[in-house]
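Trainee: here's a sequence, model it:
(one chain, ligands or ions: 2)
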Amino acid sequence: MARRAASLLSHWSSRVFSVELDGAPTYFAVREKRRGEDAPRVFDAVRRGDRCFSVLVWSSDRVRSARFHAQLKDRLLGRLPAGCRLSPMSSFLPNVRDSLIKGYFLKADSPSSSPTERLLRDFSQRDPLLVCSYLNPDNDQVWTQQLWPDADRDGTPRVLYVVPSEAPQEHPSTLNLINSDVFYSFEEAQAVLKQCGDIIPEAASVLELLPSRAEARSEPDFPVIVVEGLDATGKTTLTQALRDALGAALLPSPPRCLSPWRARFDQEPPLIRRAFYALGNYITAENMRQEATKAPVIVDRYWHSTAAYAIGTALSGPPSSLPAEGSEVYRWPGDLLQPSLVVVLTLDGEERKRRLRNRAQGETEEEQQLDHNHLFRLRVEEAYHRIRGPACVTVDAGPSADQVLQQVLLLIRDKCQL
Ligand SMILES: Nc1nc2c(ncn2[C@H]2C[C@H](O)[C@@H](COP(=O)(O)OP(=O)(O)OP(=O)(O)O)O2)c(=O)[nH]1
Ligand SMILES: Nc1ncnc2c1ncn2[C@@H]1O[C@H](COP(=O)(O)OP(=O)(O)O)[C@@H](O)[C@H]1O
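Mentor: Ligands and ions are numbered 1, 2, ... in the order given. All right, here's what the predicted structure looks like:
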């Protein structure tokens, strides 16, 4: 830990800091020498003399960091003076994957800010946090950053000058998705749940249900068809009708064997939650392989949902903030069985809302988000269409249930020679 801390701090002035203001990232860096540039945008709304701070989560244990970061905002808001405003913040070394650390930038409630400062000192001594204070000592455009503890080993304060920084080509939260929001191998996802063993007892039960290893290759005798789409697009209706029309096996995802623990893992931060869903897909793949020796197989959600919801959740802003088409983020895991056909149902927003209202069952927290957060829904929809892997066909789910069924049956006959 000490070695990684030393490495983290030794590259500190090479880092870029990103603070989200009204949903848009602004950037700054820190330099040893004072340069007469304008103050970075993040200080625009700060009155002269106000104090600002940043709180970044850092621990050599990524599960501990993920869980601490998930609780950090509530912990800060629960104890900071009411006037403090938190903005999501991250810091990274340009083009260095796994260099991303996340937290919050906060503007103190008043120039005195001593209650805030006292609280942050208390936090920084107990928790896996890197705390910085920001000052503009001469009341001019120049701001300084002071990384706590206040001084280097030889006792001199480690004061750096804050300068504007260019936006990176790709925001590192994009590359950070890989194997922390979206998992591209059985082992990577399994490793996260193994790391959770001492804090989430249910992880052991899930690990016991996993296949001994992931086996992508398979020449099933019968086709495997996955139906994907946002909530209330008609997946359940269509998959049940396809099962009856084709005499097929119908597999849910996550698989039924994980149902007892789904709600428990839905409470966890993305790193853990997405590893859980990713492992569910590997169990479903085993079930597909077995069932496809006897009859066609229909699956309600699979890898597309896992990846699209993870990407849509991890990033913010409009679909243009997603990684470009062709990015490695959209690749299919090399060890995950590919279905014969993926049908993605699309539906007009108002009709989807109407169907959602008509549907008896409740909504998951993510389904509610889909409705309240228009941009989240657009990001998920766009991610669905950028994912590469098996043949993926978009079907308009607007017509009647029977018309959609007939259209998909024609597709299956055409693509799967069934
Ligand atoms: N099945 C599945 N759902 C995921 C995954 N990642 C996130 N989710 C979210 C998407 C939805 O908000 C919610 C859907 O859960 P289910 O598929 O069990 O429910 P259901 O099939 O009833 O969803 P639906 O509203 O019918 O599309 O879970 C994943 O990897 N698999
Ligand atoms: N093609 C369709 N036309 C009209 N209503 C539909 C159609 N398909 C499904 N529905 C209705 O819309 C609601 C959501 O359908 P459902 O199959 O549960 O979607 P999903 O599984 O994607 O959430 C249900 O009340 C269902 O009866």
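
Trainee: nearest spatial neighbour of the residue most central in space within the chain, skipping sequence neighbours?
Mentor: In the chain, the C-alpha nearest the mean C-alpha coordinate belongs to A314, at 2.9 Å (C-alpha atoms, centre = their mean). Nearest non-adjacent residue to A314, counting by C-beta to C-beta, 6 or more residues apart in numbering: D181, 4.2 Å away. Quick note: C-beta positions are derived from backbone N, CA and C, even for glycine.

Trainee: show me what the host helix or strand of M288 is packed up against.
Mentor: Secondary structure from DSSP states H and E places M288 in helix 270-291. Of the remaining helices and strands, those touching helix 270-291 by 3 or more C-beta pairs under 8 Å, 6 or more residues apart in numbering; DSSP states H and E are helix 62-79, helix 186-196, strand 249-252, helix 259-266, strand 297-300, helix 303-314.

Trainee: 6 Å - rerun?
Mentor: Contacting helix 270-291 under the criterion 3 or more C-beta pairs under 6 Å, 6 or more residues apart in numbering; DSSP states H and E are the following elements: helix 186-196, strand 249-252, helix 303-314.

Trainee: off-centre distance for the helix or strand where Y161 lies?
Mentor: Take DSSP H and E as the rule and Y161 turns out to sit in strand 157-164. Chain-centre distance of strand 157-164: 31 Å, with C-alpha atoms, centre = their mean, to the nearest Å.

Trainee: quick check: residues of the protein near ligand 2?
Mentor: Where proximity means C-beta under 6 Å from any ligand atom, the interface of the chain facing ligand 2 comprises 229, 231-237, 355, 358-359, 397, 400-401, 404.

Trainee: please parse the chain into its domains.
Mentor: Domain ranges of the chain: 2-168, 177-416, per automatic domain parsing.

Trainee: shaky segments in the stretch 301-418 of the chain?
Mentor: Within the stretch 301-418 of the chain, the stretches falling below the threshold (pLDDT under 70) are 360-372.

Trainee: hmm, try it at 90
Mentor: Counting by pLDDT under 90, the stretch 301-418 of the chain has low-confidence residues at 314-318, 320-321, 349-350, 352-354, 356-375, 389-392, 416-418.

Trainee: in it, which residue sits nearest ligand 2?
Mentor: Across the stretch 301-418 of the chain, no residue is closer to ligand 2 than R355, which sits at 3.3 Å (C-beta to the nearest ligand atom).

Trainee: so where do the helices sit in the stretch 51-200 of the chain?
Mentor: Counting by DSSP state H, counting those that start in this stretch, the stretch 51-200 of the chain has helices at residues 62-79, 114-126, 172-175, 186-196.

Trainee: sorry, slip of the keys, the one I care about is the stretch 301-418 of the chain.
Mentor: 303-314, 349-358, 365-372, 374-386, 401-416.

Trainee: buried deepest among those, which one?
Mentor: Between those, the one whose residues have the most neighbours on average, counting mean count of other C-beta atoms under 10 Å, is helix 303-314 (a mean of 24).

Trainee: that one close to ligand 1?
Mentor: Yes. Looking at helix 303-314 against ligand 1 by C-beta under 6 Å from any ligand atom, the contacts come from 305-306, 309.

Trainee: so where is the stretch 151-300 of the chain shaky, pLDDT-wise?
Mentor: Where the stretch 151-300 of the chain drops to pLDDT under 90, the residues are 151-159, 166-176, 178-180, 197-198, 211-221, 231.

Trainee: interface residues of it facing ligand 1?
Mentor: Contact residues of the stretch 151-300 of the chain with respect to ligand 1, defined by C-beta under 6 Å from any ligand atom, are listed as 231-232, 235-236, 253-254, 277, 300.

Trainee: compare these and tell me which is most surrounded.
Mentor: Top of those by neighbour number is A232, holding 25 neighbours under the definition other C-beta atoms under 10 Å.

Trainee: spit out the contact partners of that residue.
Mentor: Applying C-beta atoms under 6 Å, 6 or more residues apart in numbering, one finds that A232 lies in contact with 352, 355-356, 359.
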